[in-house]
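A.B. asks: sharing a model that was predicted from the sequence below.
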Amino acid sequence: MHLKAMTLRGFKSFASATTLRFEPGITCVVGPNGSGKSNVVDALSWVMGEQGAKSLRGGKMEDVIFAGTTGRPPLGRAEVSLTIDNSDGALPIEYAEVTITRIMFRNGGSEYQINGDTCRLLDIQELLSDSGIGREMHVIVGQGQLDSVLHADPMGRRAFIEEAAGVLKHRKRKEKALRKLDAMRANLARVQDLTDELRRQLKPLGRQAAVARRAAVIQADLRDARLRLLADDLVRMREALRTEVADEAALKQRKEAAEAELKAALTREADLEDEVRRLAPRLQRAQQNWYELSQLAERVRGTVSLADARVKSATAQPA
Ligand code: ATP
């Protein structure tokens, strides 16, 4: 992987656009203390997506923007572009040269670009993922670390080499994986115990399930039977209602007829009462006549009996 060039604009101490061109092999940046050598390394990490302000030796990410000097006011944005030679096709993109750019504004906004096209940080991480550079892949040996590398014992040196080769990371992963494996084994044993226990419980559970299934069938039958009975009741009630409605109509008719008869009878009664009232004097007269005639008849009958008696006595006396 050959980094061809890096341009810094407003990044840390690099207020004006500054381009560093790297030739194949080793590049050395030489300068007095505080001249900004480490800022170049920070720019390299930052453009490849570094997210920790502390790794960039700042308190917050905004500290990477040129903060101004006595002779120059602060800037509002920082920009770093890194040009990578891709003539060997190491990066999965159809360009012989790839420039990745990161821009950050003082108001918090930020932007990533690949060959001038805006993209996401994820796109840059994916682009670099097979290249050996990018997040958690390249190794930056910091100031002072070189001294400890040179003076390290064989074990220490091995640790440095392993770290640089990325072995340490894998060893840690391996240890973590082994710990996980042990935990998994313990879990597996617990699962096995549980399985055995469940298997023991399976038989009675099977019986209970069969009973439950039968109960469900019986409940369904019961529900059907109830529904059929209710349907029968409904039909019968509808029939009874129809009959009662018919009976009610007939009774209504009969009631109307009886009421008409009653009305006629009342009229007739009134007529007869009128008649009685009209005939009452005649009745009284007839009764009077009957009484007088009875008295007369009584007197006649007395006279007749007297006459008979006299006739009898006259005929009985000797002449
Ligand atoms: P040393 O060799 O002593 O470590 P160096 O060459 O690595 O020094 P750096 O640490 O890279 O120097 O740079 C430090 C300089 O960068 C300081 O002068 C500091 O003021 C300047 N600097 C850092 N951040 C900013 C910023 N945001 N704006 C302006 N200047 C900055």
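C.D. replies: Right, received. Where do you want to start?
A.B. asks: from now on I want contacts and neighbour counts done on CA atoms only, so please keep to that.
C.D. replies: Will do.
A.B. asks: what comes up buried for stretch 1-11?
C.D. replies: Within stretch 1-11, the residues that qualify as buried by neighbour count (16 or more other CA atoms under 10 Å) are 3-11.
A.B. asks: ugh, typo on my part, it should be stretch 93-104
C.D. replies: Quick answer for stretch 93-104 (16+ other CA under 10 Å): 97-104.
A.B. asks: before we move on, what about stretch 44-54?
C.D. replies: For stretch 44-54, a neighbour-count test (16+ other CA under 10 Å) marks 44-50 as buried.
A.B. asks: quick one: name the residues of the protein near the ligand.
C.D. replies: 12-13, 33-39, 63-68 (CA under 6 Å from any ligand atom).
A.B. asks: at 8 Å instead, please
C.D. replies: For the chain, the contact set with the ligand under CA under 8 Å from any ligand atom comprises 10-15, 31-42, 58, 62-69, 74, 143.
A.B. asks: ok so, going back, now the buried residues of stretch 44-54 as TSV including pLDDT and secondary structure?
C.D. replies: Output for those, formatted as TSV (pLDDT from 0 to 100; DSSP: H, G, I helix; E, B strand; the rest coil):
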residue	pLDDT	secondary structure
44	93	helix
45	91	helix
46	94	helix
47	94	helix
48	91	coil
49	90	coil
50	89	coil
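A.B. asks: out of those, which one sits closest to residue 122?
C.D. replies: Proximity of those to residue 122 (CA to CA) peaks at residue 49, which lies at 9.0 Å.
A.B. asks: gap between that closest one and residue 77?
C.D. replies: Distance from residue 49 to residue 77, counting by CA to CA, to the nearest Å: 16 Å.
A.B. asks: strands of the stretch 101-250 of the chain, start to end?
C.D. replies: For the stretch 101-250 of the chain, applying DSSP state E, counting those that start in this stretch gives strands covering 110-114, 117-119.
A.B. asks: is it fair to say residue 7 lies in a helix?
C.D. replies: No - using DSSP: H, G, I helix; E, B strand; the rest coil, the assignment for residue 7 is strand, not a helix.
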